[in-house]
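Asker: Dropping the sequence and predicted coords here.
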Amino acid sequence: MIVSRRTAIAALMAALPVAALAQASDYSIVPERVADGIWMIHGADAPILRENGGAIANIVIIDTPTGTVLVDSGPSLRYGRALKAAAERLTGKPVVRVYITHLHPDHGMGIAAFDPAIVAALPQTIGDLQRDGQGFSDALYRLLGDWMRGTDLVLPALRIGSDFEDFGGRRIGLIALAGHSAADLALLDEQTGTLIGGDLLFNRRAPSTPTADLDVWRASLDRLRTLPHKAVIPGHGPFDPGGVTAIAQTRDWIDWLETTMTQAVASGLDMVEAGQLPIPARFAEMAAARYELQRSVSHLYPAIEARMLPRVDIPNP
Ligand SMILES: [Zn+2]
């Protein structure tokens, strides 16, 4: 018997359980209530992988008197649509605002599912997306394949210029910071004291540094620590109900990272050796620690080498 390619594929598809096919392409959106009228969707504490569809960032849903507010939108059109449906089901109100905390695509590509007129970001973030957004989008298509189908780069239409927004009496503080990227938005729900840190804050998950300025990041962490808050929703990792751990742990990691890399350059290690250095036991609970250390070496090592090992073949000016 001659079996055509088409017949063989049809037979294979029929043999696959339908549930497995559906599961392969659907995001699981599970909002976890963390304060009165606030839910967090905990992203996978892992790198962006086909297995998680890029859904690694934490997303926040806030129920306000005038409608549903979202903080970040996930990695793709498909995620954004699922998020919108889940959030509106939860609150019974339409989404009226989507804040994008910073330019990274695991947080912002999902705005393809929303009217850009309700999407707000810091002006610098919008400029950075204009410059880098298409490259991020291409990278996600390569990494995630079908998960990204139909996702176009969409820019937020609203440029954040004030330090709060009032949704029928529920005030959300908007704090313009930087350090994880050139512009990082943190938000404070004044009613519950919930601080939403974006990727300025990581909890039990190693911070990522592809666009980081560590000195600026430290200054932002100092500012976040002084804000009147009770709890923290980090950009990655579990909810921090005491509001202290995520800030302290992020600070500890970036301080250790900079000291360790500076010592590694001073002792003549190359980048591969630096990426293999031991990670202290106090970071043992941090997900993706080795992965992020090795990424950080590749992002930050060249500048440290340039600073510490000046060229000797050209005279000083
Ligand atoms: Zn980020």
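Answerer: Received it, and whenever you're ready, just let me know what you need.

Asker: Please name the nearest non-neighbouring residue to the closest residue to the ion within the stretch 151-300 of the chain.
Answerer: Residue of the stretch 151-300 of the chain nearest the ion, by Cβ to the ion: D199 (3.4 Å). All C-beta spots, glycine's among them, are computed from the backbone N, C-alpha and C. The shortest distance from D199 to any non-neighbouring residue, by Cβ to Cβ, 6 or more residues apart in numbering, is to G235 (3.7 Å).

Asker: The residue of the stretch 151-300 of the chain closest to the ion contacts H104, correct?
Answerer: Yes: in this structure D199 lies within contact range of H104 using Cβ atoms under 8 Å: 6.6 Å.

Asker: list the residues that contact both of those two?
Answerer: Jointly contacting D199 and H104 under the rule Cβ atoms under 8 Å, 6 or more residues apart in numbering are 57, 181.

Asker: Now for T245, how many residues are close by?
Answerer: T245 sits with 17 neighbouring residues when counted by other Cβ atoms under 10 Å.

Asker: rounded to a whole number, what's the mean pLDDT of the host helix or strand of Y291?
Answerer: Assigning secondary structure by DSSP states H and E places Y291 in helix 289-308. For helix 289-308, the mean per-residue pLDDT is 90.

Asker: P105 touches Y141, doesn't it?
Answerer: No: at 10.2 Å, P105 does not count as touching Y141 under the criterion of Cβ under 8 Å.

Asker: And those two? Which one has more around it.
Answerer: Just comparing P105 and Y141: by other Cβ under 10 Å the higher neighbour count belongs to P105, 27 against 16.

Asker: With just CA atoms, put stretch 306-317 into PDB.
Answerer: Backbone C-alpha positions of stretch 306-317 (Å, rounded to 0.1, in the frame of the first residue of the first chain) are rendered in PDB as follows:
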ATOM      1  CA  ALA A 306      37.200  48.400  29.200                       C
ATOM      2  CA  ARG A 307      37.100  50.300  32.400                       C
ATOM      3  CA  MET A 308      39.700  48.200  34.300                       C
ATOM      4  CA  LEU A 309      42.000  47.200  31.400                       C
ATOM      5  CA  PRO A 310      42.600  50.500  29.500                       C
ATOM      6  CA  ARG A 311      44.500  50.200  26.200                       C
ATOM      7  CA  VAL A 312      48.200  50.800  26.600                       C
ATOM      8  CA  ASP A 313      49.100  51.200  22.900                       C
ATOM      9  CA  ILE A 314      47.700  54.700  22.700                       C
ATOM     10  CA  PRO A 315      48.900  57.600  24.800                       C
ATOM     11  CA  ASN A 316      46.700  59.300  27.400                       C
ATOM     12  CA  PRO A 317      45.000  62.400  26.000                       C
END
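
Asker: That one: which residues count as buried?
Answerer: Using 16 or more other Cβ atoms under 10 Å as the test for burial, stretch 306-317 gives no buried residues.

Asker: Mind giving me the packing neighbours of the helix holding Y291?
Answerer: helix 245-266, helix 271-275 (3 or more Cβ pairs under 8 Å, 6 or more residues apart in numbering; DSSP states H and E).

Asker: looking at this protein, which helix or strand is least sure?
Answerer: helix 18-25 (a mean of 47; mean pLDDT, DSSP states H and E).

Asker: tell me the phi and psi of G54?
Answerer: phi 80, psi 0 (degrees, to the nearest 10).

Asker: quick one, the helix holding Y291 and helix 245-266 angle?
Answerer: 50 degrees (axes from the mean of the first three to the mean of the last three Cα atoms, to 10 degrees).

Asker: who's in contact with helix 289-308?
Answerer: 47, 206-210, 212, 214, 257-258, 261-262, 264-266, 271, 274-275, 277, 279, 283.

Asker: Show me which residues of the stretch 101-250 of the chain sit near the ion.
Answerer: With Cβ under 5 Å from the ion as the criterion, the stretch 101-250 of the chain meets the ion at residues 104, 199.
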